[in-house]
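Participant: coordinates for the following, if possible.
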Amino acid sequence: MGANGYSGGDPWGRHAVIGSSKVVVVMPAYNAEATLEKTIRDIPPGAADLLILCDDCSADRTVEVARQLGITVFRQ
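Facilitator: Alright, predicted model coming up:
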């Protein structure tokens, strides 16, 4: 049995913590203002614990739209 109390075949113990795992959706974006809202609506409710948009210096309102939708934004 491993240090995490799990004796299955996964040496990293990932299956032992699946009940407390979080799902994070990370979306790269570049000038996605026109499609961002629809893309977010296509993610099933409750499917993700956190949405992150990684903006690649968009020239449009991608960052503003993402923030209005409550998405965590990182700009590079």
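Participant: how many other residues sit next to Gly70?
Facilitator: Gly70 has 8 neighbours, counted by other C-beta atoms under 10 Å. For glycine as for every other residue, the C-beta is placed from the backbone atoms N, C-alpha and C.
Participant: so what does it have for phi and psi?
Facilitator: Main-chain dihedrals, Gly70, degrees, to the nearest 10: phi 80, psi 20.
Participant: now Thr39
Facilitator: phi -60, psi -40.
Participant: that one touches Val25, doesn't it?
Facilitator: No - contact between Thr39 and Val25 fails when scored by C-beta atoms under 8 Å: they sit 9.9 Å apart.
Participant: end-to-end on stretch 43-56?
Facilitator: End-to-end distance for stretch 43-56: 22 Å, by C-alpha to C-alpha, to the nearest Å.
Participant: so for it, mean pLDDT?
Facilitator: For stretch 43-56, mean pLDDT rounds to 95.
Participant: in it, what counts as buried?
Facilitator: 51, 53, 55 (16 or more other C-beta atoms under 10 Å).
Participant: closest one to Asn31 out of those, please.
Facilitator: Of all the buried residues of stretch 43-56, Asn31 sits closest to Asp55, with 9.4 Å by C-beta to C-beta.
Participant: name whatever forms a beta bridge with that closest one.
Facilitator: In this entry, Asp55 is beta-bridged to Ala29, Arg75, by DSSP bridges.
Participant: next up, the contacts around it.
Facilitator: Listed by C-beta atoms under 8 Å, 6 or more residues apart in numbering, the contact set of Asp55 reads 29-30, 62-63, 66, 73-76.
Participant: distance to Ser20 for the buried residues of stretch 43-56 - can I get that in TSV?
Facilitator: Formatted as TSV, those follow (distance: C-beta to C-beta, whole Å):
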residue	distance to Ser20
Leu51	19
Leu53	25
Asp55	30
